[in-house]
Structure formats: C-alpha cells, structure tokens
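Enquirer: Just to be clear, the model below is a prediction. Sequence and coordinates:
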Amino acid sequence: MFWRSHPLKTGLLTLAALLATPMALAESGFAPPGGKASAALDFRIIIPPVMRVLENSYPSELMPDAAGTLSGQQRLVVVSNMRRGFCVSLRTAEPQRAGWRLEKAGGADGVSLEPVQDGYRLCAARPGRYTLQLRHEFAASEQLSAQRWPVQTDLSTL
C-alpha cells in the first residue's frame, strides 16, 4: 500500500533494477560463452639486505704475561644475507703499536684472513651466520700494566 501511494519510489526501484542487469552482464562479457576467464598475477618478494653483528666480545683490558706480551681472544658473530658476502676490517686504535698477530681459531670455515696495511681483513664470500674465534697477540711493550683493548672492528659489504 505504501508503494502505490508513492509512484516516484516505484519508478526509482524499477530504474535501478534495469541498470543493474547490464552491469552484471558486463562481468561475463570477458570470457567467451562456455569458456573460462583468467588473469596473471605478478608477486615480488623483496628481502632487504641484512648485515648484523650479533656479538663482538673481547676483554676490556689485556694483561701482559711474564715476557710482556699481550694476548686476548675475540668472539665475533656476524649474520648476513648479502649475496656476495661481507668483510670485517680489524685495525689497531693505536697505530704506533707494533708486532700484532691475528689467527683464526675454530669455526671460521669459508672465511679468509689476510693482512692489510693497517691491520687485518676477514672476508666471507657467501651469506650466512659466521661465528669467528680470533686470537690476538701483541709484542711486548714497555708498559707492564693492564692495557685497554687496542683493536677496532669495522664491517663492510663486498
């Protein structure tokens, strides 16, 4: 009874029904009758480059032995997803310090160690997690007291 008294509303509903029919048919117009519609999707997963030092532990001070030689262990844990790997530069904070030797202890498979002008360079050519045990030894000095850790560690990509 409500619709009979409002011919405008009845006309609007009829017009909406007529307009909705072609819009619904438009979706089916993309595929041939009896065929299937398809679409291609292009997904890209971008993994950001990561190079992180999880641990860099060493003694804060080195005590000389009876001969005056200083030695200490450094543990370095690095994680990287860089395809070409990374390098760690180790150099003394005191350029006048002479007689520094560095050796890889265990767990350094796939890591190269080479002396450079101002210290040493450790490089890994592949991504992964590397746990490096490093032994540092410094020649005897005049000071027979404890000395602060003399090595600076810098990380870079290849």
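Expert: Received, thanks.
Enquirer: from here on, contacts and neighbour counts on C-alpha atoms
Expert: Fine.
Enquirer: Could you tell me how far the spatially most central residue of the chain is located from residue 73?
Expert: Geometric centre of the chain, nearest residue: residue 50, 1.0 Å, by Cα atoms, centre = their mean. Note on residue 50: its distance to residue 73, by Cα to Cα, to the nearest Å, is 26 Å.
Enquirer: Please give me every residue in contact with the residue nearest to the centre of the chain.
Expert: If you count contacts by Cα atoms under 8 Å, 6 or more residues apart in numbering, residue 50 has them with 79, 80, 81, 82.
Enquirer: Then residue 75?
Expert: Per Cα under 8 Å, 6+ apart, neighbours of residue 75: 55, 56, 57, 58, 131, 132, 133, 134.
Enquirer: Give me the spatial nearest neighbour of the second one, chain neighbours excluded.
Expert: Okay, so that is residue 56. Closest residue to residue 56 apart from its sequence neighbours, by Cα to Cα, 6 or more residues apart in numbering: residue 76 at 4.6 Å.
Enquirer: For the one you found, give me phi and psi.
Expert: phi -130, psi 120 (degrees, to the nearest 10).
Enquirer: so it sits right up against residue 57, yeah?
Expert: Yes - the pair residue 76 / residue 57 is scored as a contact, 6.6 Å apart, by Cα atoms under 8 Å.
Enquirer: Looking at those two now, which is surrounded by more residues?
Expert: Using other Cα atoms under 10 Å as the criterion, residue 76 and residue 57 rank with residue 76 on top: 18 against 12.
Enquirer: burial count for residue 13?
Expert: Neighbour tally, residue 13, other Cα under 10 Å: 10.
Enquirer: Kindly apply the preceding question to residue 78 instead.
Expert: Considering only other Cα under 10 Å, residue 78 is surrounded by 19 other residues.
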